[in-house]
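J.: okay, predicted coordinates and the sequence, questions at the end:
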Amino acid sequence: ETGVTQSPTHLIKTRGQQVTLRCSSQSGHNTVSWYQQALGQGPQFIFQYYREEENGRGNFPPRFSGLQFPNYSSELNVNALELDDSALYLCASSLAQGPYNEQFFGPGTRLTVL
Amino acid sequence: AQSVTQLDSQVPVFEEAPVELRCNYSSSVSVYLFWYVQYPNQGLQLLLKYLSGSTLVKGINGFEAEFNKSQTSFHLRKPSVHISDTAEYFCAVRPGGIQGAQKLVFGQGTRLTINP
């Protein structure tokens, strides 16, 4: 069974550019959540995708957008990058059935905006 | 809305000593509670969770936590720590039930440093 994978591992961009981060969910999981973890902080919920639709969003501006594909993999896109977007971006997958399903986290993508 | 406060940003402990990492939460609805561990340059790993039932929850690596509804706390404990327990620990909550997104709300984290 393959766990959650993310690519790339590290990324350096300049202010104003656009970036796409990718996540492959764990086998059998149909829900993907994205979190932003700034240095020295806890992760913050960006949004969640279920069956290719956004299923909840945190307090992030519209320049943060996402996609989920039929194979349940997902992308996080950030436009017009700002310095404060520098962070570790974590993807988590889960199975959306029943009252509780554990979210399994990937290793993250570290984004540096210069 | 939910919020989580981890009362200590850093906890230094000697090897084989006991440790307690404190977590308080705020919520107007019932919640599920979690502790995650993050080793350097890695993602988050679930240590333990409280969904319902017994208020004392046992997790991996010898950790346990106790849910106290009246004090809205979920403190993490280990009776004897090892060097390998050095990591960042995060307390998190999620609204109970199936409504809405499975959104986790995290605390700021506690850096546990084990000294020989």
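T.: Thanks, I have the structure now. Keep in mind the model is a prediction, meaning the values are calculated, not measured.
J.: now stretch A:8-27: mean pLDDT?
T.: Averaging pLDDT along stretch A:8-27 gives 96.
J.: ok, the residue lying closest to B:Cys23 once chain neighbours are set aside - contacts?
T.: Counting by CB to CB, 6 or more residues apart in numbering or on different chains, B:Cys91 is the residue found nearest to B:Cys23 once chain neighbours are left out, at 3.5 Å. All C-beta spots, glycine's among them, are computed from the backbone N, C-alpha and C. Contact partners of B:Cys91, counting by CB atoms under 8 Å, 6 or more residues apart in numbering or on different chains, are B:Val4, B:Gln6, B:Leu21, B:Cys23, B:Tyr25, B:Leu33, B:Phe34, B:Trp35, B:Phe74, B:Leu76, B:Phe106, B:Gly107.
J.: beyond the helix or strand harbouring B:Cys91, next helix or strand please.
T.: Assigned by DSSP states H and E, B:Cys91 belongs to strand B:87-95. Sequence-wise, the next helix or strand downstream of strand B:87-95 (DSSP H and E) is strand B:105-106.
J.: quick revisit: beta-bridge partners for the residue nearest to B:Cys23, please?
T.: Listed by DSSP bridges, the beta-bridge partners for B:Cys91 are B:Trp35.
J.: and the lowest-mean-pLDDT helix or strand in chain A, what other elements does it pack with?
T.: For chain A, using mean pLDDT, DSSP states H and E, the weakest element among its helices and strands is strand A:53-57, scoring a mean of 90. For strand A:53-57, the packing partners by 3 or more CB pairs under 8 Å, 6 or more residues apart in numbering or on different chains; DSSP states H and E come out as strand A:44-50.
J.: next, the angle from the strand it packs on to strand A:53-57.
T.: 150 degrees (axes from the mean of the first three to the mean of the last three CA atoms, to 10 degrees).
J.: could you check how far the nearest residue to A:Glu75 once chain neighbours are set aside is from chain B?
T.: Excluding its sequence neighbours, the residue lying closest to A:Glu75 (CB to CB, 6+ apart) is A:Leu67, at 4.7 Å. Counting by CB to the nearest CB, to the nearest Å, the gap from A:Leu67 to chain B is 16 Å.
J.: so where's chain A shaky on pLDDT?
T.: Residue ranges of chain A with pLDDT under 70: A:1, A:97-99.
J.: the most centrally placed residue in chain A in helix, strand or coil?
T.: With distances taken as CA atoms, centre = their mean, chain A has A:Trp34 as the residue nearest its mean C-alpha position (3.1 Å). State at A:Trp34, reduced to three classes by DSSP: H, G, I helix; E, B strand; the rest coil: strand.
J.: was I right about it contacting A:Pro43?
T.: No. Using CB atoms under 8 Å as the test, A:Trp34 is too far from A:Pro43 to be in contact (9.5 Å).
J.: show me how far the least confident helix or strand of chain A is from its chain's centre.
T.: Distance of strand A:53-57 from the chain centroid (CA atoms, centre = their mean, to the nearest Å) equals 12 Å.
J.: check which residues of that strand are buried.
T.: Buried residues in strand A:53-57, counted by 16 or more other CB atoms under 10 Å in any protein chain shown: A:Asn55, A:Arg57.
J.: mind saving the C-alpha coords of it as PDB?
T.: Taking C-alpha atoms only, strand A:53-57 is exported to PDB below (Å, rounded to 0.1, in the frame of the first residue of the first chain):
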ATOM      1  CA  GLU A  53     -15.300  19.200  -5.700                       C
ATOM      2  CA  GLU A  54     -14.100  21.700  -3.100                       C
ATOM      3  CA  ASN A  55     -15.600  20.500   0.200                       C
ATOM      4  CA  GLY A  56     -14.700  23.200   2.600                       C
ATOM      5  CA  ARG A  57     -12.200  26.100   2.700                       C
END
